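**Student:** Show me the folded form of this:
(one chain, ligands or ions: 1)
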Amino acid sequence: MMSYIGAQKKIHNTEYIEMSEIAKIELGGKTYELPIIEGTENEKGIDISKLRGATGGYITIDPGFKNTGSTKSAITYLDGENGILRYRGYSIEELAEKASFLEVAYLIIYGELPNEEQFGAFAHSITNHTLVHEDMKQFFEAYPAKAHPMGVLSSMVCSLSTFYPESLNQDRDEEAIDLTIHRLIAKLPTLAAWSYKNSMRHPVVYPKNSLDYCENFLSMMFAMPTSEYQIDQTIVSALNKLLILHADHEQNCSTSTVRLVGSSHANLYASISAGISALWGPLHGGANQAVIEMLEQINNDGGDVDKWVAKAKDKSDPFRLMGFGHRVYKNFDPRATIIKVACDRVLDQMGIDDPLLDIAKKLEKVALEDEYFKSRNLYPNVDFYSGIIYKAIGIPTEMFTVMFSIGRLPGWIAQWKEMRANNEPIGRPRQIYTGSNERDYVSLEKR
Ligand code: CMC
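**Tutor:** Predicted coordinates for the structure are as follows:
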C-alpha cells in the first residue's frame, strides 16, 4: 500500500526540487518512506532508487516504462494532457514558425539560442564537415539496390566511428565531443541522400557549401549529373519545419536507446546508430512510412474509410490505424496540428491535389467521432500527415523514416551529452524471473 504525507516545504536542488512530501510504502508490516521530487513544471516523481536495498529485494514492475522516469532532463518539456511541447522552454509552435533547423539544433544541444556569432561559427562548422570519406562510397555500392535506407543509415553512422577512431575515447574532452557532434549533424544528410542515390544506382551528388542545410540535402537527393536541382523555397521551408518538429521528444524509444547504449560509455556514433535502429520500427518513427502505405492501401481498395476504421477497432484483426495514438499525448499531438496546416499550404502552393490527403482527412474525422478512439484518447500523431508532405516534395516512401532521423539527431545528441555530463550510471533494469526452478542436467541420450 502506498500513501502520501502532505507537502510542507520544498528543498531546492540545482536540477529539481526535493519535496518535504514523501510517499510511504507498507510491506510485511513495515513502513518505508520514499522521497518525492518535483520538476520545474511541477510534475512529480516518487524516488524509488533505494527501494530494493531498503526493502530487502523488492523492485517495481512497469513493462514499457509507462510510469517510470528514467532520468531528470532539462532539454524538452512535454505535457501530453494539454498538448504542450517545448524545447529548452521555447514552444514548438514558435520555433516551427520562426526558427531554422540549425538554430534549433544548437538550442537543443547547447541549451540556449545562439547569438549571431555563435550561429555563424556553428553553421560554418556544419557546412565544412558535410563531405564523407571517399572510401565510404564503396560501402554504399556493396549494398543491394533494394536495401532499406534505414538499415544503410544505421550501419553508415556506426561506420563513421571507424574513420574517426579518436572519437572512441573522448569522455571528458568537450572540444573533441563537439567535433563529433558537428560531424554527425553535417554528414547525416549526405549519408541519407547517398543511400537514396545508391538505391537507384545513380552517381552520388556531393554537398555544396553555398547551400544551407535543407537546400543542400535536397540538392544531394535530387540533382543529377545532367541537371542542377532547382531550389524551391516552399519545399525548403516545409522541410525546415518538419525537421524542427522532430528534433526532440524527451524519453521516447529511440532516445532512451541512445541514452542506454551511451550509458555503457559507448561512443556517440555507436549510440546514434542504435537510436536509428530503434526509430525504424513502425510503432515509432517507421509509422510515417506505414501511414502512407496504409493510405495507399485504402485508396486502392476504393477509399471506404469506415471499413478500415472498423478493422482498426476489431481486436481479432492486427490492423491498427497507423499515425494514430501516442504513449504520451492524450488530447492532441501539437506537432500533428502544425503539420496538418503545413500540409494544406504546401500542397496548395505546389498545386498538388493528392487523393491521399482527402483520405487522411476523412479517416481523421471518422476516427475522432468514434467512441473507440475517443474513449482511448487516440488522436493523429506527428506521423499522420508528415508523409503526405514528404511525398509532395518528392521524397520516396522508404526514405520517410530517414527524414525523421535527420530531424531527431540533435535530440539524441543532446540527451547523450546530458546523460554523460550528469555522470549517470550504466542502465541496467531488473526483472522478475518466471522460468524453471533449479533442475538437474540430463544427458542427450537420456532425454
Ligand atoms: N489503432 C487502433 N487501436 C489503437 C491504436 C491504433 N493506432 N493505438 C492504440 N490503440 C488501442 C490499443 O489497441 C489499446 O486498446 P485496448 O485498451 O482495448 O487494449 C489502447 O488503444 C491503448 O493502446 P496501447 O498500444 O496500449 O498504447 P501504447 O501507449 O502502448 O502505444 C502507440 C502507443 C503509438 C505505439 C500506439 O498508439 C500505436 O501503435 N499507434 C500506431 C503506430 C504509430 O502511429 N506510431 C507513431 C507514434 S508517434 C511517432 C513517434 O514519436 O514515435
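
**Student:** residue contacts, residue 250?
**Tutor:** With contact set as C-beta atoms under 8 Å, 6 or more residues apart in numbering, residue 250 has these partners: 73, 75, 76, 77, 78. Where you see a C-beta, it was placed from the backbone N, CA and C, and this is true even at glycine.

**Student:** quick one: the fourth one from residue 95, how far?
**Tutor:** Put plainly, it is residue 77. 13 Å (C-beta to C-beta, to the nearest Å).

**Student:** For these two, indicate the residue with more neighbours.
**Tutor:** Taking other C-beta atoms under 10 Å, residue 77 and residue 95 do not tie; residue 95 has more neighbours (25 against 19).

**Student:** Mind telling me what element the more buried one is part of?
**Tutor:** Taking DSSP states H and E as the definition, residue 95 sits inside helix 92-98.

**Student:** average model confidence for that helix?
**Tutor:** In this model, helix 92-98 has an average pLDDT of 97.

**Student:** Return the set of buried residues in it.
**Tutor:** By 16 or more other C-beta atoms under 10 Å, the buried positions in helix 92-98 come out as 92, 93, 95, 96.

**Student:** Can I get whatever helix or strand comes next after that helix as PDB, trimmed to CA atoms?
**Tutor:** Using DSSP H and E, the helix or strand that follows helix 92-98 in sequence is helix 101-110. Below are the C-alpha coordinates for helix 101-110, written out as PDB (Å, rounded to 0.1, in the frame of the first residue of the first chain):
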ATOM      1  CA  PHE A 101      16.600  23.800 -38.000                       C
ATOM      2  CA  LEU A 102      20.300  24.500 -37.300                       C
ATOM      3  CA  GLU A 103      19.300  27.200 -34.800                       C
ATOM      4  CA  VAL A 104      17.000  24.700 -33.000                       C
ATOM      5  CA  ALA A 105      19.700  22.100 -33.100                       C
ATOM      6  CA  TYR A 106      22.100  24.500 -31.400                       C
ATOM      7  CA  LEU A 107      19.400  25.400 -28.800                       C
ATOM      8  CA  ILE A 108      18.700  21.700 -28.000                       C
ATOM      9  CA  ILE A 109      22.300  20.700 -27.800                       C
ATOM     10  CA  TYR A 110      23.900  23.700 -26.100                       C
END
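
**Student:** Identify the residues contacting the helix or strand just after helix 101-110?
**Tutor:** Using DSSP H and E, the helix or strand that follows helix 101-110 towards the C-terminus is helix 116-127. Helix 116-127 is touched from outside by 102, 103, 106, 114, 182, 185, 186, 209, 212, 213, with contacts defined as C-beta under 8 Å, 6+ apart.

**Student:** PyMOL command for the buried members of those?
**Tutor:** Those of those that count as buried under 16+ other C-beta under 10 Å are selected in PyMOL with:
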select buried, resi 102+103+106+114+182+185+186+212+213
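
**Student:** out of the contacts of helix 116-127, who's nearest the ligand?
**Tutor:** Nearest to the ligand among these is residue 185, at 20.1 Å by C-beta to the nearest ligand atom.

**Student:** The nearest residue to the closest one once chain neighbours are set aside: neighbour count?
**Tutor:** Distances taken as C-beta to C-beta, 6 or more residues apart in numbering place residue 126 nearest to residue 185, at 5.5 Å, with adjacent residues excluded. Residues lying near residue 126 (other C-beta under 10 Å) number 23.

**Student:** now residue 126: how far from residue 184?
**Tutor:** Residue 126 is 10 Å from residue 184, where distance means C-beta to C-beta.

**Student:** cool, and residue 356?
**Tutor:** 33 Å.

**Student:** Between these two, which is the more surrounded one?
**Tutor:** With neighbours defined as other C-beta under 10 Å, residue 356 and residue 184 compare such that residue 184 has more, 22 against 19.

**Student:** what residues does the stretch 251-400 of the chain put near the ligand?
**Tutor:** Within the stretch 251-400 of the chain, the positions near the ligand by C-beta under 6 Å from any ligand atom are 252, 283-285, 287, 312, 320-327, 376, 378, 381-383.

**Student:** And for the residue of the stretch 251-400 of the chain at minimum distance from the ligand, nearest residue in space, chain neighbours not counted?
**Tutor:** Using C-beta to the nearest ligand atom, the closest approach of the stretch 251-400 of the chain to the ligand is made by residue 325 at 2.3 Å. Nearest residue to residue 325, sequence neighbours excluded (C-beta to C-beta, 6+ apart): residue 378, at 4.4 Å.
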